[in-house]
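A.B. asks: With the input below, show me the fold.
(2 chains)
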Amino acid sequence: MQQVRLTLPMIPNMELTASKTACAMGEQIGLSPDKIDEVQMAVVEACINAFEHSGSSDREVRILLQVLGTDDQPRGLQITIRDAGVGFSPDKITRLRAEETLTAPRKRGHGLRIIDGLMDEVDIQSDSEGTTVVMRKMR
Amino acid sequence: MTESLKLTVDDQKDGLAVIYTDGYINNQGGEEIARVAYELIDKGEKNLLLNLAGTKIVNSIGISILIEIIEKMLEIDGKLAFCSLTPTIEKTFHIMGLAQYAGIYPDEEGAVEDLGS
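C.D. replies: I've put the predicted structure just below:
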């Protein structure tokens, strides 16, 4: 199974490095352009969430991009994004819609909703040692 | 796609100003769009169109700033609309419910026809 590991410092626009890597891997396994765009946006959001909210002391995000299936018959792309931050309870995060943000002072609760909407499968594990987001896009 | 957002403005259309984006709409990009939009509002423009043909990625912080512009337009009884979105950006705007407050058009021609005076 093909895979790429990245360790990115939490500095502005570093999320685009992960996004471009996901694009290259998606193209290699024949994901459609629209699906590649969706993966790229979701990867950006997952990185931004880690940058903005993780509270990680090492200020790094670890990313594993994997082709699912075999070299001959790739089934999709799985991307795992992990930070070593303080964690959160995914069930308690409010996935705000625009009508809520128009009246609420908090305006950054969008990321998880976007990831959920763009990817086929999303799993979030979080505890006091960090957060891991695993997301998949199938061909 | 370049990493820093570039903007151009056409405020010569009748009853409508168009802001063209080229690049990534993140926090800096969103703030630059807001700065340009508020300048146009100060000049009396009440209908703004964001042509996103040159943008492939918008992040959630950029979206939150676009929502602030929508709020401002609602305050002045104006309109903010979008055109020429990639399918993924359009899907994201629908996920976020932006379409309830801002028109989304396939192309600039249709938007100008609908919004211009």
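A.B. asks: Is any residue of the lengthiest helix in chain A near chain B?
C.D. replies: Across chain A, the longest stretch assigned as helix under DSSP state H is helix A:33-53. Yes - contact between helix A:33-53 and chain B, assessed by CB under 8 Å from any CB of the partner chain, occurs at A:34, A:37, A:38, A:40, A:41, A:44, A:45, A:48, A:52. Bear in mind the C-beta positions are built from the backbone N, C-alpha and C, glycine included.
A.B. asks: which residues in chain B form strands?
C.D. replies: Assigned by DSSP state E, chain B shows strands spanning B:6-13, B:16-22, B:47-54, B:79-83, B:103-105.
A.B. asks: Looking at those, which is nearest to residue A:127?
C.D. replies: strand B:47-54 (38.4 Å; CB to CB).
A.B. asks: Any buried residues in that closest one, and which?
C.D. replies: Applying a neighbour-count criterion of 16 or more other CB atoms under 10 Å in any protein chain shown, one finds B:47, B:48, B:49, B:50, B:51, B:52, B:54 buried in strand B:47-54.
A.B. asks: How about stretch A:21-35?
C.D. replies: Across stretch A:21-35, burial judged by 16+ other CB under 10 Å covers A:21, A:22, A:23, A:25, A:26, A:29, A:31, A:35.
A.B. asks: With stretch A:124-132 instead?
C.D. replies: Residues of stretch A:124-132 classed as buried by neighbour count (16+ other CB under 10 Å): A:124, A:126, A:130, A:131, A:132.
A.B. asks: so the third one touches residue A:81, yeah?
C.D. replies: Meaning residue A:130. No - with contact defined as CB atoms under 8 Å, residue A:130 does not count as touching residue A:81 (10.6 Å).
A.B. asks: Low-confidence stretches in chain A?
C.D. replies: A:1, A:92-109 (pLDDT under 70).
A.B. asks: go on, chain B?
C.D. replies: B:1-3, B:117.
A.B. asks: Alongside chain A, which residues does it contribute?
C.D. replies: Looking at chain A, the residues of chain B close enough under CB under 8 Å from any CB are B:3, B:24, B:26, B:28, B:56-61, B:63-64, B:67-68, B:70-71, B:74, B:86-89, B:91-92, B:95-98, B:100-101.
A.B. asks: Among those, name the ones in helices.
C.D. replies: Applying DSSP H to the residues of chain B next to chain A, the entries found in helices are B:28, B:60-61, B:63-64, B:67-68, B:70-71, B:74, B:87-89, B:91-92, B:95.
A.B. asks: What are the boundaries of the strands in chain A?
C.D. replies: Using DSSP E, the strands assigned to chain A run over residues A:3-9, A:60-69, A:74-83, A:121-127, A:130-138.
A.B. asks: Report the contact partners of residue 51.
C.D. replies: Assuming you mean chain A. By CB atoms under 8 Å, 6 or more residues apart in numbering or on different chains, residue A:51 lies in contact with A:10, A:14, A:15, A:61.
A.B. asks: try chain B instead
C.D. replies: Applying CB under 8 Å, 6+ apart, the residues near residue B:51 are B:18, B:19, B:20, B:21, B:82, B:83, B:84, B:108.
A.B. asks: Enumerate every residue touching the closest residue in space to the fourth one that isn't next to it in sequence.
C.D. replies: When the adjacent residues along the chain are set aside, residue B:21 lies closest to residue B:55, with 4.7 Å between them (CB to CB, 6 or more residues apart in numbering or on different chains). Taking CB under 8 Å, 6+ apart, we find residue B:55 in contact with B:1, B:5, B:21, B:22, B:23, B:24, B:25, B:86, B:89.
A.B. asks: From what I see, residue A:122 and residue A:134 are in contact.
C.D. replies: Yes - under the criterion of CB under 8 Å, residue A:122 makes contact with residue A:134 at 7.3 Å.
A.B. asks: Including neighbour count, could the contacts of residue B:51 go into a markdown table?
C.D. replies: Formatted as a markdown table, those follow (neighbours: other CB atoms under 10 Å in any protein chain shown):
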| residue | neighbour count |
| --- | --- |
| B:18 | 23 |
| B:19 | 21 |
| B:20 | 18 |
| B:21 | 24 |
| B:82 | 22 |
| B:83 | 22 |
| B:84 | 21 |
| B:108 | 18 |
